[in-house]
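**Q** Show me how the following folds:
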Amino acid sequence: MTSGIQTMNKDTILKVEHLSMRFGGLMAINDLSLEVKRGDITALIGPNGAGKTTVFNCITGFYKPTMGMISMTQKSGKQYLLERLSDFDITKQAKVARTFQNIRLFGGLTVLENLLVAQHNKLMKASGYTVMGLLGMAGYKREAEASIEMARFWLEKTDLIDRADDPAGDLPYGDQRRLEIARAMCTGPELLCLDEPAAGLNPRESLALNNLLKSIRDDTGTSVLLIEHDMSVVMEISDHVVVLEYGQKISDGTPDHVKNDPKVIAAYLGVEDDEVEDVISEELDGSVQ
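**A** Residues are numbered from 1 along each chain as shown. Here you go, the predicted structure:
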């Protein structure tokens, strides 16, 4: 089955089944299964070292999992088995884009140029992989104009239109975070994977991020899978939350369900499950005094 095309529930865009990732003697991910619904914002959370970024790296092709299957179903119904694809093909064919914990912009290029670089593949295709672009052929010119229009759209969406000609490296930190998301969206993804997009943001910047991600979900229909430590962001925008601890899933459901799950409380407080009630009682007693 070289094409990886199968039949799958149309409501599910990403399905991870029995995923395991071992590094030598360390089992970073252990038999993880989860689903991302189309058009949802799904948050993957957990304490430091829970394996969240390892899951992202398996989904986006940076790691080949030790075991398991990762299925991505496009709106057209075509399905890809991501564990069989390279990271490049996961972006190009399966239409999965991602950002990283550490900002990876082209700091010496302008803000606009960063968004045009993201559209390099379709511009190269329009050029016929030859000198058609240099010769100003009509097909290439139309594609180049469309690329600029897409870049302008996302610059306006991220409130960066006035900085279009500035070097990306000169932007404030929060603006760089939004530019990374805009660049990812310029690849036309159906699934957008964001690794700690709110890291280092102040409250005003976090609010702008929340609004941007909800707009991406509501206005474009793009599904979002994010890793995030800022629980105010997670609880504000997420439709679905999956919680990891030591590479295993300990909770899975709505934000309200997850935040009240004793196993989640135990993981974040660093206590054993059977001690959770005692700790919560102590905290409640302390808040009353």
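
**Q** Which parts of the stretch 1-150 of the chain are helices?
**A** Remark: helices assigned in the stretch 1-150 of the chain by DSSP state H, counting those that start in this stretch are 52-59, 87-92, 111-117, 120-126, 138-157.

**Q** Tell me which of the ones you listed is the most buried.
**A** Of all these, helix 52-59 carries the top mean neighbour count, a mean of 23, counting by mean count of other C-beta atoms under 10 Å. For every residue, glycine as well, the C-beta is placed using N, CA and C.

**Q** between the one helix or strand residue 242 maps to and helix 52-59, how many degrees?
**A** Residue 242 is located in strand 240-245, with elements delineated by DSSP states H and E. Orientation check (axes from the mean of the first three to the mean of the last three C-alpha atoms, to 10 degrees): strand 240-245 against helix 52-59 gives 110 degrees.

**Q** avg pLDDT for strand 240-245?
**A** Averaged over strand 240-245, pLDDT sits at 96.

**Q** Report the distance from it to the chain centre.
**A** Centroid displacement of strand 240-245 relative to its chain, using C-alpha atoms, centre = their mean, to the nearest Å, is 14 Å.

**Q** With stretch 56-73 instead?
**A** How far stretch 56-73 lies from its chain's middle: 14 Å, per C-alpha atoms, centre = their mean.

**Q** Buried residues, it. List them.
**A** Neighbour counts using 16 or more other C-beta atoms under 10 Å place 56-61, 63, 65, 68-73 of stretch 56-73 among the buried residues.

**Q** where does residue 163 land on pLDDT?
**A** As predicted, residue 163 sits at a pLDDT of 96.

**Q** Skipping its backbone neighbours, what lies nearest residue 85 in space?
**A** Spatially, and ignoring its direct neighbours in sequence, residue 85 is nearest to residue 61 (6.0 Å; C-beta to C-beta, 6 or more residues apart in numbering).
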